[in-house]
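# here is my input; please provide its structure:
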Amino acid sequence: MKNCTVYQGHARFESSKEVSVGSERLTADRIFINVGGRAVVPQMHGIESVPYLNNSSIMDVDFLPRHLVIVRGGYIGPEFAQMYRRFGSEVTIIDTGSHLARHEDEDVSTAIQEILEHEGIHVRLNATCIGFSKRGGEILAQVDCVSGDPEVSGSHVLLAVGRRPNTNDLGLTEAGVAVDKRGKAHSPTRPSTMLKLSGRIFWTMTRAKSAIALPLMLCTLPPRSAVQACGGGSPQSDRRADWPAALDEGGSSR
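Numbering: from 1, shown residues only. Below you'll find the model as predicted:
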């Protein structure tokens, strides 16, 4: 790529305008954090004693689970529940909340649950204490629910409990960037330089003249935002994000 230098290695901030990659020191006026995220593994009793899938590893599954037990009924959980039920698996969703898709209105959540149950998916809500153990070739999920059997026996477990940003080893404190308890970054001193879109944090990339980009760049944004963030065209507008300009000089090295 013209005028773009790629450095392979672990990057850490040394200051707000300096990043080290191995023995190299790179400087730029603006440094864009595009490091992606990883699947969250919650603290649940016995989770370390059983094999489990997450929202990344389940994409590599090339077999049909006999009974897939899914932890969390947000958005990812019901999507994979419906998918694997239609493939032919028995599926159970376990959630600590009183309804699925807890961020939606209750009538919407109720409609989602009715659709899933109509397709034969078991939904266990109000599971205040979830734990796991093995019995022979089966995985047992303990669910302290208001009603129903206290255990669910399945062949495979999917932890659909969300993702967290890969920010814990970037040295963000050296750059004056704070993170919340979930690892999301924000800059108290320069709030205008960051955007929060679809639950992810992005530094503004428009009209930048010099930058160091830390992969992975993610473009899972709402349609209108994606047009600007990913440099796509729009039938209603000719505006495009200035991504090439953001990588024009690729930073300087010393």
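# neighbours of residue 121, how many?
By other Cβ atoms under 10 Å, 23 other residues sit near residue 121. C-beta: built from backbone N, CA, C; applies to glycine.
# show the contacting residues for it.
81-82, 85, 91-93 (Cβ atoms under 8 Å, 6 or more residues apart in numbering).
# if we go to 6 Å?
The neighbourhood of residue 121, defined by Cβ atoms under 6 Å, 6 or more residues apart in numbering, consists of 81, 85, 91.
# next one: residue 130 from residue 44, what distance?
In this structure, residue 130 and residue 44 are separated by 5 Å, where distance is defined by Cβ to Cβ, to the nearest Å.
# the two: which is more packed in?
More neighbours sit around residue 130 than around the other of residue 130 and residue 44, counting by other Cβ under 10 Å; the figures are 23 against 18.
# which phi and psi does the more buried one have?
Main-chain torsions, residue 130, degrees, to the nearest 10: phi -100, psi 130.
# state the distance from it to residue 170.
Distance from residue 130 to residue 170, by Cβ to Cβ: 31 Å.
# mind listing the strands for the stretch 101-250 of the chain?
Here the stretch 101-250 of the chain has its strands, by DSSP state E, counting those that start in this stretch, at 122-124, 130-135, 138-143, 151-154, 156-159, 163-165, 178-179, 185-186, 194-197, 200-203, 211-214.
# report the central residue of the chain.
By Cα atoms, centre = their mean, the chain has its centre lying nearest to residue 163, at 3.3 Å.
# surely residue 83 is within a helix?
Yes. When classified by DSSP: H, G, I helix; E, B strand; the rest coil, residue 83 is found to be part of a helix.
# count the neighbours of it for me.
Residue 83 is surrounded by 13 other residues when neighbours are defined as other Cβ under 10 Å.
# in stretch 170-184, which residues are buried?
Residues 170-172, 175, 177, 179, 183-184 are the ones in stretch 170-184 that count as buried (16 or more other Cβ atoms under 10 Å).
# from the contacts of residue 121, which is closest to residue 109?
Taking Cβ to Cβ as the measure, residue 109 sits nearest to residue 81 out of those, at 14.2 Å.
# distance of the closest residue in space to residue 103 that isn't next to it in sequence from residue 17?
Taking Cβ to Cβ, 6 or more residues apart in numbering as the measure, residue 103 lies nearest to residue 74, with 7.7 Å between them; neighbours along the chain are not counted. Here the distance between residue 74 and residue 17 works out to 38 Å (Cβ to Cβ).
# only alpha carbons, please: show the strand or helix carrying residue 80 as PDB.
Using DSSP states H and E, the element containing residue 80 is helix 76-87. Taking only C-alpha atoms (Å, rounded to 0.1, in the frame of the first residue of the first chain), the coordinates of helix 76-87 have been written out as PDB:
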ATOM      1  CA  ILE A  76     -26.100 -13.100  19.700                       C
ATOM      2  CA  GLY A  77     -27.600 -15.900  21.800                       C
ATOM      3  CA  PRO A  78     -31.000 -15.900  20.200                       C
ATOM      4  CA  GLU A  79     -29.500 -15.600  16.700                       C
ATOM      5  CA  PHE A  80     -27.400 -18.800  17.100                       C
ATOM      6  CA  ALA A  81     -30.200 -20.500  19.000                       C
ATOM      7  CA  GLN A  82     -32.600 -20.100  16.000                       C
ATOM      8  CA  MET A  83     -29.800 -21.000  13.600                       C
ATOM      9  CA  TYR A  84     -28.800 -24.300  15.300                       C
ATOM     10  CA  ARG A  85     -32.400 -25.200  16.000                       C
ATOM     11  CA  ARG A  86     -33.200 -24.900  12.300                       C
ATOM     12  CA  PHE A  87     -30.100 -27.000  11.600                       C
END
